[in-house]
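In: 3D model of this:
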Amino acid sequence: MYQRNTHHLRTGGKSVVFGCGYNSASLLGVSHSDVEDNGVHGSNSFSQDVTQFVFLSTLQELLNNDSPGQHVCQIVVQFSKTYFLTSHGHVYTSFPLARDVQFDSILPDRVVEMRSGQNRTLFRTEFGQIYVKADGPLSKITGVTNTQVNNVKLFGVGGLHYWLLDDETNRLYGEGEINGASVEKVIELNDYLQKDEKVRDIVTGGNSFVLITNKNNIYVYGEKEAFGSTVDEHYSKPTRLRQFDGMVKSVVCGWYFTIILTFNGQLWMAGRNTYQQLSSKNLSSHDNVVQWFIDDSLVLNPNEEIDQIGSGSDHVLISTTIGRIFTRGMNTYGQLGRDNRTQSGVFMEPSFKNQNYKEIISKFVGPKFSISFADNNFNTLSSFLIIHSVRESKELIQMRSKLLNCSKQSLLSDLVILH
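Out: Predicted coordinates for the structure are as follows:
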């Protein structure tokens, strides 16, 4: 069964990070030496927008100097600050580019997952605690809506709202607001989900959220336009979109749009198309809102499939199983990585500031890798690539060896399929 992407929980492996787009107050964590190609290393921040993907070499060096062997596992952006979570459980900030020592106060506990909204970031720890950072110091969330919440394994953070799921009671606790309306409530998910159906992921947009379940169904809540609707329905309760029953592999949300990747590789899209992030075609029914449709405009090579999907507030990112990247949508700050600021409704591969980017990936990660993006990135005008090393399991190596031997000897009947 497909599970929530837990790449940020890995302690082994390696990664490198590239970023582009909006960079006011050094949001990307980029230094002058990262972008000037002058061979001089230093941590002086760089605050101009970056229109090509650039290797965050200063961050890479900082991580290695602080704790050799650690690497970035997850990235989230809180409007004007970026958090980098490492494999050693440390949290780094983009400005100043440094480790956030406030998290030392929770030792021996450590952060294993992060989610950001417009005005706060939540952190889940190894011991199951939830901490929050807004403008002030780090603090623990002990309850929501005057109720103590335990057993939190899944959580989501939207624009001005956040949600905690109590895994034992199947209750979803909300706090904050959506479109000015309070969401300080408790949602009894058993009233909406099927018997034996459990939530496996919570994906948030600016004014919406999506629940993905273990039956690969989705339930949506919040702003109607985010789901391609212009009629008078607000989705004020979890609403099952039955046309996607059993199909949903993953979901990403922009501020006012939603994209679904199905198990058969289809991209379904709906919501506002203001910057052609969903399509270059005129598909809008009203006020730039596009109803659900299959986007088949991305041309892939034989045996190439979509691996990961990502988003910003108004742009879309896709990575494939052979390591290619495609971007589309708003590009005012260079977040498409195309060395320009021209909006585009066509998926194209971005460019890299580092002409030797393939050598950088090979040096730090190795020949086999996968590409993911910043999590929960619905509210930002930037883009990040986390390029992770891929280690094959012993079972996969054994299966490949057995398949090769059987093929050479024409003994396919001897092949044992491992489940």
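
In: going forward, measure contacts and count neighbours with C-alpha atoms only.
Out: Fine.

In: and stretch 147-155, which residues are buried?
Out: When neighbours are counted by 16 or more other CA atoms under 10 Å, the buried residues of stretch 147-155 are found to be 149, 150, 152, 153, 154, 155.

In: just stretch 177-195 next, same as before
Out: 177, 178, 183, 184, 186, 187, 189, 193.

In: Can you tell me which of those residues is nearest residue 333?
Out: For the buried residues of stretch 177-195, the residue nearest residue 333 by CA to CA is residue 178; the value is 26.7 Å.

In: Show me where this protein has its helices.
Out: 32-36, 57-66, 357-364, 394-409 (DSSP state H).

In: how close does the nearest residue to residue 123 once chain neighbours are set aside get to residue 219?
Out: Spatially, and ignoring its direct neighbours in sequence, residue 123 is nearest to residue 114 (4.6 Å; CA to CA, 6 or more residues apart in numbering). Distance, residue 114 to residue 219, using CA to CA, to the nearest Å: 22 Å.

In: The two: who's more crowded?
Out: Neighbours were tallied for residue 114 and for residue 219 using other CA atoms under 10 Å; the higher tally belongs to residue 114 (27 against 22).

In: residues making contact with stretch 182-199?
Out: With contacts defined as CA atoms under 8 Å, 6 or more residues apart in numbering, stretch 182-199 is touched by 144-145, 161, 170-177, 211-215, 238-239.

In: That stretch spans what distance, first to last residue?
Out: Comparing the first residue of stretch 182-199 with its last one, the separation is 23 Å (CA to CA).

In: Also stretch 237-245?
Out: Using CA to CA, the end-to-end distance of stretch 237-245 comes out at 18 Å.

In: cool, stretch 144-153 as well?
Out: Counting by CA to CA, you get 15 Å between the two ends of stretch 144-153.

In: For the residue nearest the centre of the chain, list the residues it contacts.
Out: The residue lying closest to the centre of the chain (CA atoms, centre = their mean) is residue 375, at 2.5 Å. Under the criterion of CA under 8 Å, 6+ apart, the contact partners of residue 375 comprise 74, 75, 76, 115, 310.

In: Please tabulate the residues you listed in JSON lines, including the columns distance to residue 355.
Out: What follows is the contacts of residue 375, written out as JSON lines (distance: CA to CA, whole Å):
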{"residue": "74", "distance to residue 355": "25"}
{"residue": "75", "distance to residue 355": "24"}
{"residue": "76", "distance to residue 355": "26"}
{"residue": "115", "distance to residue 355": "32"}
{"residue": "310", "distance to residue 355": "24"}
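
In: I'd like those residues written out as CSV, with neighbour count added.
Out: CSV is the format used below for the contacts of residue 375 (neighbours: other CA atoms under 10 Å):
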residue, neighbour count
74, 25
75, 28
76, 23
115, 27
310, 25
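
In: Against residue 324, how distant is the residue lying closest to residue 389 once chain neighbours are set aside?
Out: With CA to CA, 6+ apart as the criterion, residue 389 has its nearest non-adjacent residue at 4.3 Å, and that residue is residue 369. Spatial separation of residue 369 from residue 324 under the definition CA to CA is 11 Å.

In: Report the buried members of the contacts of stretch 182-199.
Out: When neighbours are counted using 16+ other CA under 10 Å, these contain these buried positions: 144, 161, 170-177, 211-215, 238-239.

In: so where's this structure shaky on pLDDT?
Out: For the chain, applying pLDDT under 70 flags the ranges 1-12, 37-45, 232-234, 283-287, 391-419.

In: what are the phi and psi angles of the closest residue to residue 338 other than its chain neighbours?
Out: The shortest distance from residue 338 to any residue other than its chain neighbours is 4.8 Å, reached at residue 350 (CA to CA, 6+ apart). With angles defined as degrees, to the nearest 10, residue 350 shows backbone torsions of phi -80, psi 180.
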